[in-house]
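Fold the following.
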Amino acid sequence: MTDAPPPARHVVLVTGLSGAGKASILRTLEDLGFETVDNPPLQILPDLVADGASPLAIGVDARSRGFDAAEVLQAIERLRGRAGIAITLVFATAEETVLLRRFSETRRRHPLAPGGPLGSRVSEGIAREAALIAPLREAADLVVDTSDLPLPDLRRLIEARFRPAGAAGLDITILSFAYPKGLPREADLVLDMRFLRNPHYDPVLRPLTGRDGPVAAFVEADPDFAPFWTRMTGLLDLLLPRYAAEGKKYLTLAIGCTGGKHRSVLVAERLGAYLAAGGWRADVVHRELASAAAAGASHAGREALAPSP
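Predicted structure coming up:
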């Protein structure tokens, strides 16, 4: 009887724009058991990959002296030609306005920023870096846009994608959101709840959320809610096993309404409980509620630090 070959060593190369979350992705991979190395010289990549068998995460970015995206891609192709190596290229990105805000809040200098006024320095640095690493984005196996992605949600996404072998199955994220603030970029499926009657127009219900009983009762009393629920869960009962059978490891189901506070939150909560009862791993995330909570905490912090009149 022939011995089975050892499992391939999983190597994740993490690159992307400065300020877009590369360090957070590397930390999450480290927590998952990956050995992590940030920004090593490109010439030692083959030695790093060859030395050991445990999962390995390597940060690669334009800070490296003599950085050349073409050389990185050539190194990846050479490594992919080796037996026993499985390489994934992850690219972290975010909108320029978000990156500018992050650099302003942290008072960090952009690694490629030239001299000049602060705002223009960072903006020019972002543009330079984006041009340098554009080929890596085109070749990436996974592009993660963190513009509207809180850190806990980024961690969940990376954990779902790179959880080590042995934790089989499909990881599902149910994400409520508000349409005026944009579709979630990570969404695989999107469901629109704006056809249901809106609690926002009831002054008693307006300050509540879809997690509250009175809002739930109001929305579920809509005569179209029950048939919609039956059809939606029936569709998911069909799709999810097929996704899992095809080897899909993670799925983001986005549920939207106008404010991201009532209808989408209620349906996301109900759906999370429904899927969990069916044996699926399902996390429920409320994008707008999380953003509102973060904004409230930031405002409270500023008030606490403000000098007394």
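
next helix or strand past the host helix or strand of residue 126?
Here residue 126 sits within helix 118-139, counting by DSSP states H and E. Sequence order places strand 142-145 as the next helix or strand after helix 118-139, per DSSP H and E.

name the helices or strands packed onto the helix holding residue 126?
Contact partners of helix 118-139 among helices and strands, from 3 or more Cβ pairs under 8 Å, 6 or more residues apart in numbering; DSSP states H and E: strand 9-16, helix 69-80, strand 85-93, helix 96-106. (Each C-beta comes from the backbone N, C-alpha and C, glycine too.)

one more time with 6 Å
helix 69-80, helix 96-106 (3 or more Cβ pairs under 6 Å, 6 or more residues apart in numbering; DSSP states H and E).

Tell me what angle it forms with strand 85-93.
150 degrees (axes from the mean of the first three to the mean of the last three Cα atoms, to 10 degrees).

For helix 118-139, buried residues please.
121, 122, 123, 124, 125, 126, 128, 129, 130, 133, 136, 137 (16 or more other Cβ atoms under 10 Å).

got it, and stretch 199-206?
199, 205.

what's the span of it, first residue to last?
6 Å (Cα to Cα, to the nearest Å).

May I see the helices and strands packed on helix 118-139 arranged in CSV, with distance to residue 273, mean pLDDT and mean neighbour count as well?
Converted to CSV, the helices and strands packed on helix 118-139 look like this (distance: least, Cβ to Cβ, whole Å; pLDDT from 0 to 100; neighbours: other Cβ atoms under 10 Å):
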stretch, distance to residue 273, mean pLDDT, mean neighbour count
helix 69-80, 42, 87, 15
helix 96-106, 33, 79, 15
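
what's the closest of the ones you listed to residue 203?
helix 96-106 (34.2 Å; Cβ to Cβ).

Which secondary structure elements does that closest one sit against?
So helix 96-106, by 3+ Cβ pairs under 6 Å, 6+ apart, packs with helix 118-139.

what angle do the helix it packs on and strand 9-16 make?
Going by the same axes, to 10 degrees, helix 118-139 makes 140 degrees with strand 9-16.

next one: helix 118-139 to chain centre, how far?
Computed by Cα atoms, centre = their mean, to the nearest Å, the chain-centroid distance of helix 118-139 equals 21 Å.

in this protein, what spans have low per-residue confidence?
Counting by pLDDT under 70, the chain contains low-confidence ranges at 1-7, 64-66, 106-109, 111-120, 164-169, 247, 293-309.

quick one, strands of it?
For the chain, the strands defined by DSSP state E occupy 9-16, 35-38, 56-59, 85-93, 142-145, 171-178, 189-192, 250-257, 281-286.

Out of those strands, the one nearest residue 198 is which?
strand 250-257 (7.7 Å).

Pull that closest one out as PDB, backbone CA atoms only.
Backbone C-alpha positions of strand 250-257 (Å, rounded to 0.1, in the frame of the first residue of the first chain) are rendered in PDB as follows:
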ATOM      1  CA  TYR A 250     -17.500  31.000   3.200                       C
ATOM      2  CA  LEU A 251     -20.600  32.900   2.100                       C
ATOM      3  CA  THR A 252     -21.700  36.400   2.900                       C
ATOM      4  CA  LEU A 253     -25.500  37.000   2.700                       C
ATOM      5  CA  ALA A 254     -26.300  40.700   2.800                       C
ATOM      6  CA  ILE A 255     -29.800  41.800   3.800                       C
ATOM      7  CA  GLY A 256     -30.600  45.500   3.200                       C
ATOM      8  CA  CYS A 257     -33.300  48.000   3.900                       C
END
